[in-house]
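Novice: model the structure of this input:
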Amino acid sequence: MSTDHASMRLIDEYARGDAAMAADTVWALEAHLETCALCRSRLAASVATEAPGIAALVDTVRAGLEPQLDAAVRAPSRRYRPRWVSAWTTPVMVPWLAMTVTVTLLALLLAAAGAPAVSGAASPALLIAPVLPLCAVAAAWSRSLDPAHELTASTPRAGLPLLLRRTISVLAVVLPALLVEGWLTGAMTAAQWLLPSLAFTSTALALGSVVGVTRAAAGLVVAWGAVIAAPAWGTGRVPVILRPDQLPVWGALLVLGTGAVIARRRAYSAL
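Specialist: Residues are numbered from 1 along each chain as shown. Just a heads-up that it's a prediction; the model follows:
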């Protein structure tokens, strides 16, 4: 592909359905066709010459559907959300984000009710804050929770760009709620949970390229609860891993997770 348009050779191969085309080349071409009217017209002309069977099939389907479409009554528009909202979120994320914020509020109520007196210096909010965003990240790209997952996953823009959009939308809701909670209770500082939270998110995305984002996020939450949160709640002490001197460890984990996501960026289109 050139900087402006796809070559005719590439368009002809795509029109023929050439199985030898690399997956990333197909993705790039389809993404380009979305925004380039000239290349779409070239593709239409190429289909007529390179794949006449497909052109005939399309004409047959069009001839059968046109009378039905002309007679159909157009349903009124029911768009309640701006277009950009649909590009960054999915309807299934709304209840998950609400649940995540609710958990944050419950932790705030526990802290305000004097729960640290029971659990010692280990605030409930501090114990759940590092992995709290993962609850909503798990739903950001879930096959079982999103009824439109197959349709979304088959679009040219699917893959890592869409996953990152949804992850950012999750963090934009959850992180401010945690910041407000820490400010109101004074039981935790942003340095104690913000970097671990970002490190867990990047690690979940990195592992998601191998086992799926939902499985990776759920596994990290379970591991954190069993290995760190539950023992800390029982002893009433802040976990060693959440102490300020451990921030370089979380920073290194964030860098490694981000590097793994970048290195395996092409794997997300096949999830």
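Novice: the longest helix in this structure is where?
Specialist: helix 160-185 (DSSP state H).
Novice: that one: what's the following helix or strand?
Specialist: helix 190-211 (DSSP states H and E).
Novice: any weak-confidence spans in the protein?
Specialist: Where the chain drops to pLDDT under 70, the residues are 1-3, 72-101, 103-104, 106-122, 139-159, 181-182, 184-191, 269-271.
Novice: any idea how it splits into domains?
Specialist: If you go by automatic domain parsing, the domain ranges for the chain are 8-71, 83-270.
Novice: dump those domains to a markdown table, plus mean neighbour count.
Specialist: Any C-beta I mention is one placed from the backbone N, CA and C, and that applies to glycine too. Output for those, formatted as a markdown table (neighbours: other Cβ atoms under 10 Å):
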| stretch | mean neighbour count |
| --- | --- |
| domain 8-71 | 13 |
| domain 83-270 | 17 |
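Novice: so Leu163 is in contact with Val213, correct?
Specialist: Yes. Leu163 is within contact range of Val213, at 6.8 Å (criterion: Cβ atoms under 8 Å).
Novice: for Glu50, give me its contacts.
Specialist: Contacts for Glu50 (Cβ atoms under 8 Å, 6 or more residues apart in numbering) come out as Asp12, Ala15, Arg16.
Novice: what sits against the spatially closest residue to it that is not a sequence neighbour?
Specialist: Nearest in space to Glu50, with sequence neighbours left out and distances taken as Cβ to Cβ, 6 or more residues apart in numbering, is Ala15 at 4.5 Å. Ala15 is in contact with Leu43, Ser46, Val47, Glu50, Ala51, Ile54, counting by Cβ under 8 Å, 6+ apart.
Novice: host element of the third one?
Specialist: Per DSSP H and E: Val47 is located in helix 37-50.
Novice: helices or strands next to the helix or strand containing Ala230 in the packing?
Specialist: Assigned by DSSP H and E, Ala230 belongs to helix 230-235. For helix 230-235, the packing partners by 3 or more Cβ pairs under 8 Å, 6 or more residues apart in numbering; DSSP states H and E come out as helix 124-128.
Novice: how about the CA coordinates for the helix it packs on, as CSV?
Specialist: What follows is helix 124-128, C-alpha atoms only, in CSV (Å, rounded to 0.1, in the frame of the first residue of the first chain):
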residue,chain,number,x,y,z
PRO,A,124,-10.5,-2.4,52.5
ALA,A,125,-10.3,0.2,49.7
LEU,A,126,-6.5,-0.2,49.5
LEU,A,127,-6.8,-4.0,49.2
ILE,A,128,-9.2,-3.9,46.3
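Novice: what's the first helix or strand after it?
Specialist: helix 132-140.
Novice: which other helices and strands contact that next one?
Specialist: Packed next to helix 132-140, using 3+ Cβ pairs under 8 Å, 6+ apart, are helix 93-112, helix 160-185, helix 190-211, helix 213-224.
Novice: could I get the CA-only coordinates of that helix as PDB?
Specialist: Provided in PDB are the C-alpha atoms of helix 132-140 (Å, rounded to 0.1, in the frame of the first residue of the first chain):
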ATOM      1  CA  LEU A 132     -10.800  -3.100  40.900                       C
ATOM      2  CA  PRO A 133     -10.500  -1.800  37.200                       C
ATOM      3  CA  LEU A 134     -10.000  -5.400  36.100                       C
ATOM      4  CA  CYS A 135     -13.600  -6.200  36.900                       C
ATOM      5  CA  ALA A 136     -14.800  -3.800  34.200                       C
ATOM      6  CA  VAL A 137     -11.800  -4.600  31.800                       C
ATOM      7  CA  ALA A 138     -12.900  -8.200  31.900                       C
ATOM      8  CA  ALA A 139     -16.200  -7.100  30.400                       C
ATOM      9  CA  ALA A 140     -14.700  -4.800  27.800                       C
END
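Novice: relative orientation of it and helix 213-224 in degrees?
Specialist: Between helix 132-140 and helix 213-224, the angle comes out at 150 degrees (axes from the mean of the first three to the mean of the last three Cα atoms, to 10 degrees).
Novice: thanks a lot, see you next time.
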